[in-house]
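Peer 1: give the three-dimensional model of this entry:
(2 chains)
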Amino acid sequence: MDSQSGSETGSQSTSRTGDRAGDETGDRAGGTQNGNSVMRLVNRIPHWIRWSAIPAAITVLIIGFGGEGGREFPIDYGRDIGLRIDQVIDWMNVNLDFFFSFVKTAVLNVLVRLEDVMMWIPWPAFIAGVGVLGWRMAGIRVGVFSVASLLAIAVFGLWDSAMETAALIVVTVTLSIVIAVPIGVWASQSDRLDAILRPILDGMQTMPSFVYLVPAIAFLGLGNVSAVFATLIYAVPPAVRLTNLGIRQVPEETIEAATSFGATSTQLLLRVKIPLAIPTIMAGVNQTTLMALAMVVIASLVGAGGLGEDVNRALGRIEPGNAFLAGLGIVFLAIIIDRITQAFASRQRAAMGISDVGGATAG
Amino acid sequence: MLLRAKKQIANSGILALVLLLAGMSVVAMACGTETVEVTREVEVIREVEKEVAVEVEVEVTREVEKEVVVEKEVVVEKEVVVEVTAEVEKEPIIFSDLNWTSSEIQVRVAKYIVEHGYGYPTDAVAGDTISLFEGLKNNDTDVTMEIWLPNQQEVWDAALESGVVVDVGKSLEDNWQGFVVPQYVKDANPGLVSVTDIPDHVELFVTPDSNGKARFVDCIPGWACEVVNSEKIVTYGLEDHVELVNPGSGAGLFADLEAAYARGDNWLGYLWGPTKPSAELDLYILEEPTYSDACWESGKGCAYPTAEIKIAVHESLIERAPELVQFFRRWDFTAGSHIETEAWMTENNETTDAAAVYYLQNFSDIWEEYVPADVAARVHDALAQEG
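Peer 2: As a prediction, this is how the structure comes out:
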């Protein structure tokens, strides 16, 4: 619930800053003579005619298209355009194979190593470790919950799957941060980049994942690497957005103070803005992690292992009970990770003397 | 300043919109008048269809126990005309539109015949195996054209027992399942003939993530073939030679095979037909001993038996549309004709709707055989109007 409201305020605030930038440019464009003569002509038409023209035109359209002609758009190039896109994918598959093979091997190596390490840790040590971490970071209740839910996962016989999923999440989230934070920092420094990025991020978050998941198999093969790639597309946007927002929210007075002490713009960014934005950036990391967990089952459709595969297989056999247990495992992982990262973010805020609610606004 | 600019922008927007709408309506007028006539023609024909089709239904329901013969249906037609026109609209027939091409094409062929030949309104609900089987049980759909056994054996048996789902016959009787490599791999390695030759050719299929074994793309998780394949691999002594890769889904399996084929890479894995890759690509099915019950019982060390692909209807259809149940019982759609249709579809980048029309036009000798003459005539009339 907390994380939800965090992301909402995040996107609202970004769009507010964006609108401001848009209004300024609109103002400037309106002032030029360009198009003024047309405007004068339009303005001479009485107001009521101008407004009644729209319903009138719609009526004419409805009458005009009333026959069968209006039920079908006269041309349809959908399949041709689709075929062209397929050809591009085929070409990339054949000619860029060396590049994708390299990426695949690199990611795979990291994944396999990490998974081995996580599987190597004896389960009592792992559970105790997470329990202590939860307790120290977020209090005794989170600690107890972590231990209990990890034990439940083990009792359900899902330990190995859970470790595989956890390894996948760790790699994906790390890569997401490596990609997202620099882009977010850059976007906070450039309104133009921010404006370009916003529709791209919207697209990444709303494009149905299966659309890019299946072509990803052509490049990255079946299994966890395609899953990491697909999850990145879905999980990077919140981290970019919240990094951008966090830096833009650093109070004006703080920046002025730093500037008056002679800080260069690089110093300002690295020593003032980014440190002050850390709590918001951490909220982004938290969102990214939850997004990545949400993708686990979809990723299993291209052969990713772990809890998602358990859900997929149970559903294939029409065993809703087993699917539910594996799903519950994903929920437990999500809650543990969410509570611990949230607690970390609010500790950062507390350490900086920023109030816990509403991000960095209180300054 | 700001307000004025905004207002001006709004004004120019309105002007542009009005001009655009006016322009479009002129075009629309031109288009509209042309098409109206055509529609009228179609409507007239439909009305005729309706009357005839309903008559048949009345007759059949009345004498269903006596097994009405085709000629009799035709003879009685004229006598019941008056009664028929008062008959209520037919309830639509809803097909389960499973998300793979052989089912998609079968559904569209059957839909076309039911709609144009038998005069029922039709619809199709898209989905996957599990959700559509539940849909059939709940009568959200009336007909499923492909229930693959033994992959769905358990749910199928349970549904038959409860009586809500009725088995009305088989489709795609010449289907296959097996372990395949692209034909070019076989050509380059003439020694790779049967599944037992895999250990000698492991190095062909090694990938960075296959632990030095041959990468073998397995069956879709949760399907019966997953268990069968792992038994086969043990029986054939392959467990130390192959690394099983889970494709996650049918889409995953096909995409992996097609991508490897496009690159000219070596590929080894499980596949079945008719499927999109089996129709599109030149593949070699590794030989296995011929199927026998005995070998299947002891470790599945022989080729897959031909899968039974069932057509199922909801029990309510037996009362509601007995002539359609008869139609599905006689249904005959082979993998061979499907592969030809699918090849045409891929080659011309066409939709499954167009493929169904192609099938009806080019394989009329097959479907005319099991469809009453008057129904066939009406389907031909409708086909004549297709572009």
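Peer 1: so B:Val114 versus A:Gln348, what's the distance?
Peer 2: 65 Å (CB to CB, to the nearest Å). C-beta here means a position set from N, CA and C on the backbone, and glycine is covered the same way.
Peer 1: higher neighbour count, the two?
Peer 2: Neighbours per residue, other CB atoms under 10 Å in any protein chain shown: of B:Val114 and A:Gln348, the larger number sits with B:Val114, 25 against 16.
Peer 1: what's the closest non-adjacent residue to the closest residue to chain B within chain A?
Peer 2: Nearest residue of chain A to chain B, counting by CB to the nearest CB: A:Gly316, 1.8 Å away. Spatial nearest neighbour of A:Gly316, excluding adjacent residues (CB to CB, 6 or more residues apart in numbering or on different chains): B:Gly222 at 1.8 Å.
Peer 1: residue contacts, the residue of chain A closest to chain B?
Peer 2: A:Gly316 sits next to B:130, B:220-223 when contact means CB atoms under 8 Å, 6 or more residues apart in numbering or on different chains.
Peer 1: pull the most distant pair out of these.
Peer 2: Using CB to CB, the two most remote members of the contacts of A:Gly316 are B:Ile130 and B:Pro221, lying 12.7 Å apart.
Peer 1: pick out whichever of those two has more residues nearby.
Peer 2: Neighbours were counted for B:Ile130 and for B:Pro221 using other CB under 10 Å; B:Pro221 has more, 23 against 16.
Peer 1: returning to what we had before: ok, so of the contacts of A:Gly316, who is nearest B:Pro208?
Peer 2: For those, the nearest to B:Pro208 is B:Pro221 (22.8 Å; CB to CB).
Peer 1: give me every residue in the stretch 251-363 of chain A lying close to chain B.
Peer 2: With CB under 8 Å from any CB of the partner chain as the criterion, the stretch 251-363 of chain A meets chain B at residues A:300-305, A:309, A:312-318.
Peer 1: let's see that with 6 Å instead.
Peer 2: Neighbours of chain B within the stretch 251-363 of chain A, by CB under 6 Å from any CB of the partner chain: A:300-303, A:312-313, A:316-318.
Peer 1: kindly report the same for the stretch 101-250 of chain A.
Peer 2: A:105, A:108, A:214, A:217-218, A:222.
Peer 1: let's see which of those residues end up in helices.
Peer 2: A:105, A:108, A:214, A:217-218 (DSSP state H).
Peer 1: quick check: the farthest pair among the residues of the stretch 251-363 of chain A next to chain B?
Peer 2: Maximum distance among those (CB to CB): 21.6 Å, for A:Val302 and A:Ile318.
Peer 1: my read is B:Tyr270 is in a helix, agree?
Peer 2: No. Per DSSP: H, G, I helix; E, B strand; the rest coil, B:Tyr270 lies outside any helix segment and is strand.
Peer 1: leaving out the residues flanking it, which one is nearest to it?
Peer 2: Closest residue to B:Tyr270 apart from its sequence neighbours, by CB to CB, 6+ apart: B:Cys219 at 5.0 Å.
Peer 1: tell me who's in contact with that neighbour.
Peer 2: Counting by CB atoms under 6 Å, 6 or more residues apart in numbering or on different chains, B:Cys219 touches B:225-226, B:229, B:270.
Peer 1: turn those into JSON lines, columns for neighbour count, secondary structure and pLDDT.
Peer 2: Listed next are the contacts of B:Cys219 as JSON lines, based on neighbours: other CB atoms under 10 Å in any protein chain shown; DSSP: H, G, I helix; E, B strand; the rest coil; pLDDT from 0 to 100:
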{"residue": "B:Cys225", "neighbour count": "20", "secondary structure": "helix", "pLDDT": "87"}
{"residue": "B:Glu226", "neighbour count": "19", "secondary structure": "helix", "pLDDT": "88"}
{"residue": "B:Asn229", "neighbour count": "22", "secondary structure": "helix", "pLDDT": "93"}
{"residue": "B:Tyr270", "neighbour count": "23", "secondary structure": "strand", "pLDDT": "96"}
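Peer 1: farthest pair in the residues you listed?
Peer 2: B:Glu226 and B:Tyr270 (9.0 Å).
Peer 1: helices and strands of chain B: which one bottoms out on pLDDT?
Peer 2: When the helices and strands of chain B are scored by mean pLDDT, DSSP states H and E, helix B:81-85 comes last with a mean of 39.
Peer 1: picking that back up, dump the residues of the stretch 101-250 of chain A next to chain B to a markdown table, plus distance to B:Ser103 and neighbour count.
Peer 2: What follows is those, written out as a markdown table (distance: CB to CB, whole Å; neighbours: other CB atoms under 10 Å in any protein chain shown):
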| residue | distance to B:Ser103 | neighbour count |
| --- | --- | --- |
| A:Thr105 | 38 | 14 |
| A:Leu108 | 35 | 19 |
| A:Val214 | 19 | 21 |
| A:Ile217 | 22 | 28 |
| A:Ala218 | 24 | 22 |
| A:Leu222 | 24 | 27 |
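Peer 1: and the strands in chain B?
Peer 2: Along chain B, the stretches classed as strands by DSSP state E are B:93-98, B:122-127, B:143-149, B:165-170, B:176-182, B:214-217, B:242-245, B:269-273, B:283-285, B:308-314.
Peer 1: if we can go back for a sec, pick out the most distant pair among the ones in helices among the residues of the stretch 101-250 of chain A next to chain B.
Peer 2: A:Thr105 and A:Val214 (21.4 Å).
Peer 1: OK, contacts around the closest residue to chain A within chain B?
Peer 2: Nearest residue of chain B to chain A: B:Gly222, at 1.8 Å (CB to the nearest CB). Listed by CB under 6 Å, 6+ apart, the contact partners of B:Gly222 are A:313, A:316-317.
Peer 1: hmm, B:His314 is touching B:Asp142, no?
Peer 2: Yes. Distance between B:His314 and B:Asp142: 5.2 Å, which falls inside the contact criterion (CB atoms under 6 Å).
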